[in-house]
Structure formats: structure tokens, C-alpha cells
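S.K.: Below is the structure, and that's it, no one-letter string:
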């Protein structure tokens, strides 16, 4: 597919994933446009040749004509899971925001291919006693927290528009990390400061995906994905939280975390902290959603993307963590 000269509109371009996508395609002589809120910090993409459109995905009127003439649209805007955010806020941004974007695209001039960036989290944790071992694109939606429920709602909205004929591809990346990310910086800092502990036995699993692999997979979905389909984009393999923490500690040159605490103890303590923090207007370092994340199994497969789109993740955990720690240090975010 010839990319040169295409008009591409990205929402969420100032975020970690959106900016990485913009940087990857800016080299291809693409007419790059971005929707941005007036207050957004553009530091990640300030050097890129972008045509800016001021608007907000939660304000439908601000999106008029933003997508006119676009060949591709990448909807990356949204709010990530974090403590202290109400369910209504997640739904307003991730759910209604997606509806507003797709509604405006349906009214715009032309018919662009659209990638809606979702999350493998919409499938919830793996439930071993139900016979599940790994999640794939046909697994039922089973969101387990407000963030995941809002992303599931966004997916259902995207599926409705896909049924009308809009060429939408839904992409579910899994646990993206790497240079430029600030969302999981707290994990790296906790390990460096020797404040990290395992919840339970530490053998629960996650599926880290380095940012370069995530971008490669997302762009393959955009260019070659079948409209109406869903694709998982993951790193090379599943890891336990013990392996993840050990790998981070090695490249930070600090002792490997060893302390483990029972989930019920951490859950109770976090619940109390969240109660008082909400009244004091402060954010807790570990939320109940975080406790669940570190004590549940989340595993998915990108075999469909590998088979249909020739997607092959290239960055193993060691290389990805090494590059991430180096970037954090260059930015003065880790010592």
C-alpha cells in the first residue's frame, strides 16, 4: 500500500502511544494532522510537521470537519487506568469520546480507514478454573474495573459503526511500555527505591509489549487489517511479575525485590487509603485496581495478527527494559 501523500488524522497524539505512532509515520511523507486540546502539552511531538486542530473528543461540536478528506484516522485519545478517576469520567472520555469521533467521521467528506485503539483489558483476567489459558479475539468481553468497562463500551460503539459499513479495525495492545512512557514509571521507581513488593506469590502473569512493537502492530492493522476485525498486539511472551521485577531491578542495578504480602492484607490497606485519600483530594501510590492487576493473570495471543498481518514482535523483555531504563535516566526520571 502506497503511503506517501496520505492524509492521516490522529487523536491523542500528545500521549505516549499516539506520539510514537506519529513519529513512526512522519518519516513517510504523510500529511499528518492531529486533534489536540488547547491545554495539551505537545512536548512529545513538538518537532514533527503536524497540522493542528483544536478540539476535544468529549465536545462533539469541536470536531466538525477535523476528519474531512482523511485517508486514515487513528483514534488513540483516551484516559488510562489510574486511581481517583470516577467511572463516569472514564465513560465520558473513553466511551462517549469514541462515539463523538466516529459520529463525526461518518459525517465527514470521504471514507477513511479507522483504527480504534482498545485494550486487551476488556477481556478481564484469565480465570483458570473456567478452563481458560490465554485470551484471543473471540474471547467474551469481561471487563473487571471502570477503565476496562469504558474501553469495552468504546469497542461496542465501534462495532456498531463497523456494521454500518465504516471501515473500522479494533486493535487491542497489551501492557505497552518503553521510552516516552510515564504511566508505568511508578513501577520502575518503586523497584529502584526498594519499595516494590509482590502481591501473593508474584507468579501471576502479564504480557509486556515494547512500544516499537506496539506501533509496528498498530500500523500493520491500519494498513492491512480487515475492516470489522479485532487484532491483539502483544510482546513476544508472557512473563510473571517476579520476572518483570527482577529484570527491571537488574538494569537499575538494585537488589531484586523479595518481599511478598497476602492479597487480602494489601487489598484492605489500599481500600482504607483510597477512602481517606478521596476525601483529602490526594492520589494513593497503589489503588485497588493496581492490586488486582498485580495479583491476576492476564495473557493474550497475537497469533491472528502474526498470521494475517505478518506481525512479529522483535523486542524481548530484557532489551525493552534496558532501553526503557536508559531513557528514564537520560530524562532524569531515574537516578
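M.R.: Arrived safely, thanks for sending. What you see is a predicted model, and the numbers here were worked out from it, not measured in a lab. Numbers count the residues shown, from 1 in each chain.

S.K.: mean confidence score for the host helix or strand of residue 214?
M.R.: Element membership for residue 214 (DSSP states H and E) is helix 211-224. Helix 211-224 carries an average pLDDT of 96.

S.K.: name the helices or strands packed onto that helix?
M.R.: With contacts defined as 3 or more CB pairs under 8 Å, 6 or more residues apart in numbering; DSSP states H and E, the packing partners of helix 211-224 are helix 16-26, strand 72-75, strand 113-117, strand 168-173, strand 176-177, strand 230-233, helix 303-309. Glycine gets a C-beta too; all of them are placed from N, C-alpha and C.

S.K.: Of those, which is nearest residue 265?
M.R.: strand 176-177 (27.6 Å; CB to CB).

S.K.: contacting residues around the helix or strand just after the closest one?
M.R.: Using DSSP H and E, the helix or strand that follows strand 176-177 towards the C-terminus is helix 185-192. With contacts defined as CB atoms under 8 Å, 6 or more residues apart in numbering, helix 185-192 is touched by 196, 245, 248-249, 252, 254, 257, 285, 324-325, 328, 333-335.

S.K.: Please report how far residue 111 lies from residue 176.
M.R.: To residue 176, residue 111 is 29 Å away according to CB to CB, to the nearest Å.

S.K.: repeat for residue 218
M.R.: According to CB to CB, residue 218 and residue 176 sit 10 Å apart.

S.K.: Quickly list what's touching both of the two.
M.R.: residue 17.

S.K.: quick one: which of the two has more around it?
M.R.: Legend: neighbour count by other CB atoms under 10 Å for residue 218 and residue 176, higher for residue 218 (27 against 24).

S.K.: If the closest residue to the more buried one other than its chain neighbours is in a bridge, with which residues?
M.R.: Residue nearest to residue 218 in three dimensions, not counting chain neighbours: residue 171, with 5.5 Å by CB to CB, 6 or more residues apart in numbering. Here residue 171 sits in beta bridges with residue 117, residue 231, as judged by DSSP bridges.

S.K.: Which pLDDT value goes with residue 171?
M.R.: Predicted confidence (pLDDT) for residue 171: 97.

S.K.: Now do the contacts for it.
M.R.: Counting by CB under 8 Å, 6+ apart, residue 171 has contacts 115, 116, 117, 118, 217, 218, 221, 225, 230, 231, 233.

S.K.: what's the answer for residue 203, then?
M.R.: With CB under 8 Å, 6+ apart as the criterion, the residues that contact residue 203 are 240, 241, 242.

S.K.: isn't there a strand covering it?
M.R.: No: Residue 203 is assigned coil when assessed by DSSP: H, G, I helix; E, B strand; the rest coil, not a strand.

S.K.: which residues of the protein fall in helices?
M.R.: Taking DSSP state H to define them, one finds helices in the chain at 16-26, 87-90, 97-107, 146-163, 185-192, 211-224, 241-252, 263-280, 288-294, 303-309, 317-330.

S.K.: Count the neighbours of residue 98 for me.
M.R.: Other residues near residue 98 come to 27 when the count uses other CB under 10 Å.
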